[in-house]
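>>> test case, fold it:
(3 chains)
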Amino acid sequence: MAGYQTLLAAYGEQHWWPADTAFEMMIGAILTQNTSWRQVETAIAQLKAADCLTPQAILACQPERLQALIRPSGFFRQKSERLVTISAFYLQHGGVDGLRPRPLATLRKMLLDLHGIGAETADCMLLYVLDKPVFVIDTYTRRLTHRLGWLPESVDAYDAVQAFFQQHLEASVPLFQEFHALIVQHAKQHCLKKPRCTACPLAEHCLRSHHGT
DNA sequence: ACCCAGGGTCATA
DNA sequence: TATGACCATGGG
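Numbers count the residues shown, from 1 in each chain, chains lettered A, B, ... in the order given. As a prediction, the model looks like this:
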């Protein structure tokens, strides 16, 4: 896929998901649901300062206190419940070492069965901590895909967009990790936040395919 | 004042 | 199957 090489050349290796531990990564995946990463950084910093970034600590934390700690990330009532859910799940299955040996399809179903864990959140966890080759589809990825004309805007369902990427790429964990990270990096610096862009590595594509013309 | 952010769930047609 | 409402904070 040509876009990958273009982005890699422009931004270099990302070695992504900003987190110190696997568990912190999973917490971040929940906190960033429909929320900018800046807000998540604040919430995680507060959790860390309160020594509340382990599954045991989260399960032991008073709900109101947990809500207060993550308030900056928005949707704090729902998300506090989701943090409890993933903490219990994590401990119940022996942490990353207990989960990683299981097959991709099994793990994905287990995660999707959790209330508050949808396709993107599950796939982030699968790709970035459980080393499973699933392509993560987020808002930026959809926008890029449509803007470059890789798929028509009518094709927007999560599974359909994911299938497109997985059919056109080898099933490689490092490749999927880097590609998704590069898309996000690109979005932060350039055009995916706006209707159009004029000065970015993919400018010609962006200009060509957005809403006709 | 308005729009949006590295979504997900639920009710309704 | 497919929209729409709702959740909530902070930045641009």
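>>> kindly report the residues of chain A close to DNA strand C.
Within chain A, the residues that sit near DNA strand C (CB under 7 Å from any atom of the strand) are A:34-36, A:38-39, A:42, A:71-72, A:74-79, A:157. The C-beta positions use only the backbone N, C-alpha and C, and glycine is treated the same way.
>>> can you go through those residues and name the buried ones?
With burial judged by 16 or more other CB atoms under 10 Å, the buried subset of those is A:35, A:39, A:42, A:71, A:72, A:74, A:75, A:76, A:79.
>>> give me the buried positions along the strand or helix carrying residue A:109.
Residue A:109 belongs to helix A:104-112 when assigned by DSSP states H and E. Across helix A:104-112, burial judged by 16+ other CB under 10 Å covers A:107, A:108, A:111.
>>> cool, and stretch A:122-133?
A:122, A:123, A:124, A:125, A:126, A:127, A:128, A:129, A:130, A:132, A:133.
>>> need the pLDDT of the first one.
When you say that, I think you mean residue A:122. Per-residue confidence (pLDDT) for residue A:122: 98.
>>> excluding chain neighbours, what is closest to the residue nearest the centre of chain A?
In chain A, the centroid-proximal residue (CA atoms, centre = their mean) is residue A:124; its distance is 4.5 Å. Spatial nearest neighbour of residue A:124, chain neighbours left out: residue A:29 (4.3 Å); criterion: CB to CB, 6 or more residues apart in numbering.
>>> next: residue A:72.
residue A:42 is the one closest to residue A:72 (CB to CB, 6+ apart), at 4.2 Å.
>>> quick one: the one you found and DNA strand B, what's the gap?
From residue A:42 across to DNA strand B, the span is 12 Å (CB to the nearest atom of the strand, to the nearest Å).
>>> what does chain A put close to DNA strand B?
A:16-18, A:28-29, A:32-37, A:39, A:74-75, A:78, A:114-122, A:124, A:138-140, A:158, A:184, A:187-188, A:193.
>>> ok and the residue in chain A nearest DNA strand C?
residue A:74 (2.7 Å; CB to the nearest atom of the strand).
>>> which ones are touching that residue?
Contact analysis of residue A:74 by CB atoms under 8 Å, 6 or more residues apart in numbering lists A:34, A:35, A:39.
>>> now these as TSV including pLDDT, distance to residue A:67 and secondary structure?
Below are these laid out as TSV (pLDDT from 0 to 100; distance: CB to CB, whole Å; DSSP: H, G, I helix; E, B strand; the rest coil):
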residue	pLDDT	distance to residue A:67	secondary structure
A:34	97	17	coil
A:35	97	15	coil
A:39	98	14	helix
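>>> now, which of those sits nearest residue A:90?
Nearest to residue A:90 among the contacts of residue A:74 is residue A:35, at 21.3 Å by CB to CB.
>>> now do the phi/psi pair for residue A:101.
phi -70, psi -20 (degrees, to the nearest 10).
>>> how many other residues sit next to it?
As a burial measure, residue A:101 scores 9 neighbours (other CB atoms under 10 Å).
>>> checking residue A:15 next. Helix, strand or coil?
Under the three-state scheme (DSSP: H, G, I helix; E, B strand; the rest coil), residue A:15 adopts coil.
>>> likewise for residue A:155?
Applying three-state DSSP: residue A:155 is coil.
>>> on the pLDDT front, check the closest residue to it other than its chain neighbours for me.
Closest residue in space to residue A:155, ignoring its immediate chain neighbours: residue A:161 at 7.0 Å, by CB to CB, 6+ apart. In this model, residue A:161 is scored at 97, pLDDT.
>>> perfect, that will be all.
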